[in-house]
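J.: No letters, just coordinates:
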């Protein structure tokens, strides 16, 4: 395809995307397709000849779009917000259009240096001190694995250069809680620690936050047994109920053993942009690494996961490679992001953030975040003051965990009721919510924060919740 | 930003990208900026207010573009081709525009099922049997790490569910060669095997391919010592000289010990699309996993790294997570790609391949690949029949490893000469080549395969090589 053909097709596509974004609220929120339905509509074999863009657009309309759960829909309250702000989409389009290659500073100096700059801008916007240096990973799962690998190496005297984890005789131990994202346990298992060496520290029964006392005692116990406390993953805004582990106490306890502290603020990190929310993160400056995803609530399109460390030298020591075919004369003077993570090659991801911050501006972004917090407070008030409805966990930010608890319904019957009404809403396509288990019982998470979600949408949701829960009670 | 504002800005940006792509050959190939130059031109602090797209485009022109090494330039012969075919760029733009979220089948059924379909199309185009199932990773580095993790678990009776790698008493051993990409050693170290447990199997002095005899003996030795041969990474098209390890023999030897075989065909995998090249991959059907990157020679824009396994159940067993907040009623009936790799969330990457294959068509893609092979043969003939020039490794595909060896120059003096002339070319901005070390001596890789590189460009390169090498000889 020539640049001129691209120009024509590109204009057509931009119009299609703008139209699509304009009519998002006309689609069902959850995709209504059955397993295999999209697959079956596509040819089993690859095309042999080239086709027209029109054929592609027709298939996008008829096959792809019906298979999309509309996370940009104002009535999407599932999982966490996954905004793809159009300003950041323009940055992503620029990255695609430029077609750069990020395998070393030399392969695209601008890719490296714009990333340095926007990571530092984000640090400033989050109110973090200048002792942090950042990079962009694809997801918080990868960031967490990276943190655990660096921690593993620091606490094993860099065993990777010797016999590896299999050469150790004192097991390294990982600490987290059951409220932590499952990617934490997955990362610990992939990093080779072993499930038996992961301690699920118990949480406060009211707040669901990690108990610092239990962490303290568990670490001391492990030391007595001859084990090595290696790393604590503190959840700052957990996935289920958005609880905040007491990172200030965690860092003090970890410091007694030289253990690494990784602060997983994947969704909630965005709240650091609001000074009035920073108390929730008290003590984060003492952590060793932080991850947070502008690609969630803040709205820079996926995949934009920030990963900050206070000591890049250790990170680079663990991750570095320097093959002859990638050496250049400037190696000592520049940042080589290939040594800050797992993949060698990277896209020009920084453009998404650069465009988002410059075109929308941090002020407007923060204003929207405050709107979402107000909407969450409003909904919390409705739920907590309405008979038979209950807010089941403290509301820290924009996610409200609720249950409809009609008299006489308990235990499994209550679970069945919860799943029935939430599934009915999700199947209707009118709104989408995630159910989740808390203290062994299903509850429903209302995670507010889609860019287009206004107070009216939240009001409409609250009416829908009440009507559906009552209707399904029969 | 509203959809209407996006429409306007999007059109402007498409024109800018088309113009940029049209004038790529007017830029120096290697970015001419010094370390920190791009960084210093950008403000230290984030903007507080929103800015206009025009301000962004001005900065793209004046700050970003001069900081790009133009890997889409027809005179780019460095590293490996890193094409970003405009047909695939349109797919990437669609992915950005849709703003979907890939964390489960339910979060975007189309994302999952189009990925299933295009991975199978690519399998067919590569002539692989239907016993392979694929997914798209970001890079071959990540694919290799994933393969090593699954291998580690299979050969350790799934130690991740017990004491992890630190609970083993028999070390697991990894086998590869010095010609393998550095990401292999990096992945083995990150997977916890330890550098001491990586065996660099010696290679044939003529072909640089892994010696099957040495592999056989080394594995037997390790077994005698009580170690466990866990995984062989066979390079099918290595990075330095594009050599092919004898994967047919490797799989037979590995099978004697139940070891995993990962076939790393990152660049060269594209050659499987040409039936006349498939002999190079003889035996690949016996491997356990394969990675290859359409984002290199084939030209689907970064990041598009295919990862195929013959036994997805083991992969999923090692990688799976199933938190309550991601469960849905269809879990057993659908593919959950989050369980096929490290990150939980994914972009709609399949669209890049879908657009590329449908808009350009496999026929045209294969025609271009054959053109590149012809160009490489032509250059090989020139170099090998010209006095004082030498092709230093067998040419298997589109990469030619060469040296200018004037009489009397040997050892370090020859190295100095090689680095002088190649650096002179790179600094001139007229062409870009990578130097690499082979048998302890620097040589220069000419890796042909940029979409826009014609025979005339290769002829111009050959003239430039000769002129510069002679000029720098003084």
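T.: Perfect, thanks for sending it. Everything quoted here is computed from the prediction, not taken from an experiment.

J.: going forward, measure contacts between C-alpha atoms and count neighbours the same way
T.: Noted.

J.: show me the contacts for the residue nearest the centre of chain A.
T.: Of all residues in chain A, the one closest to the mean position by CA atoms, centre = their mean is residue A:266, 4.2 Å from it. Residue A:266 makes contact with A:140, A:236, A:237, A:291, A:292, A:293, A:296, A:305, according to CA atoms under 8 Å, 6 or more residues apart in numbering or on different chains.

J.: wait, does the longest helix along chain A contact chain B?
T.: Looking across chain A with DSSP state H, the single longest helix is helix A:362-384. Yes - Helix A:362-384 reaches chain B (CA under 8 Å from any CA of the partner chain) through A:362, A:363, A:364.

J.: now the residues you listed as TSV including neighbour count?
T.: Listed next are those as TSV, based on neighbours: other CA atoms under 10 Å in any protein chain shown:
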residue	neighbour count
A:362	21
A:363	15
A:364	15
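
J.: a markdown table for those, including distance to residue B:169 and pLDDT?
T.: Compiled in a markdown table, the residues of helix A:362-384 next to chain B are given as follows (distance: CA to CA, whole Å; pLDDT from 0 to 100):
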| residue | distance to residue B:169 | pLDDT |
| --- | --- | --- |
| A:362 | 54 | 97 |
| A:363 | 57 | 96 |
| A:364 | 57 | 97 |
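
J.: wait, which of those is closest to residue A:158?
T.: Using CA to CA, the shortest approach to residue A:158 within the residues of helix A:362-384 next to chain B belongs to residue A:362, at 40.5 Å.

J.: List the residues that contact that closest one.
T.: B:47, B:48, B:49, B:50.

J.: Okay, helices next: where are they in the stretch 301-450 of chain A?
T.: Applying DSSP state H, counting those that start in this stretch to the stretch 301-450 of chain A gives helices spanning A:312-319, A:350-355, A:362-384, A:411-428.

J.: quick check: mean pLDDT across stretch A:234-244?
T.: Stretch A:234-244 shows a mean pLDDT of 97.

J.: Check stretch A:125-132 too.
T.: Mean pLDDT, computed over stretch A:125-132, is 98.

J.: Pull out the buried residues from that stretch.
T.: Across stretch A:125-132, burial judged by 16 or more other CA atoms under 10 Å in any protein chain shown covers A:125, A:126, A:128, A:132.

J.: Name the residues that touch it?
T.: If you take CA under 8 Å, 6+ apart as the criterion, stretch A:125-132 is touched by A:123-124, A:269-275, A:285, A:308-311, B:46.

J.: How far does it stretch from one end to the other?
T.: 13 Å (CA to CA, to the nearest Å).

J.: for chain A, which spans come out with low pLDDT?
T.: Applying pLDDT under 70 to chain A flags residues A:323-325.

J.: Domain map for it?
T.: Domain assignment for chain A, taken from automatic domain parsing, gives A:3-68, A:93-359, A:362-473.

J.: hmm, back to that, which of the helices of the stretch 301-450 of chain A is buried the deepest?
T.: Mean neighbour counts were compared across the helices of the stretch 301-450 of chain A using mean count of other CA atoms under 10 Å in any protein chain shown; the top stretch is helix A:350-355, at a mean of 26.

J.: anything in that helix sitting right up against chain B?
T.: Yes - contact of helix A:350-355 with chain B (CA under 8 Å from any CA) involves residue A:355.

J.: So what's the residue count around the residue lying closest to residue A:304 once chain neighbours are set aside?
T.: Counting by CA to CA, 6 or more residues apart in numbering or on different chains, residue A:304 lies nearest to residue A:295, which is 5.3 Å off, once chain neighbours are set aside. Residues near residue A:295, counting by other CA atoms under 10 Å in any protein chain shown, number 28.

J.: In a helix, residue A:295, correct?
T.: No - using DSSP: H, G, I helix; E, B strand; the rest coil, the assignment for residue A:295 is coil, not a helix.

J.: That one contacts residue A:301, correct?
T.: Yes - with contact defined as CA atoms under 8 Å, residue A:295 counts as touching residue A:301 (5.0 Å).

J.: Common neighbours of the two, please.
T.: Applying CA under 8 Å, 6+ apart, one finds that residue A:295 and residue A:301 are jointly contacted by A:82, A:83, A:84.

J.: ChimeraX command to pick out the buried ones of those residues?
T.: Selecting only the buried entries of those in ChimeraX, with 16+ other CA under 10 Å as the criterion:
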select /A:82,83,84
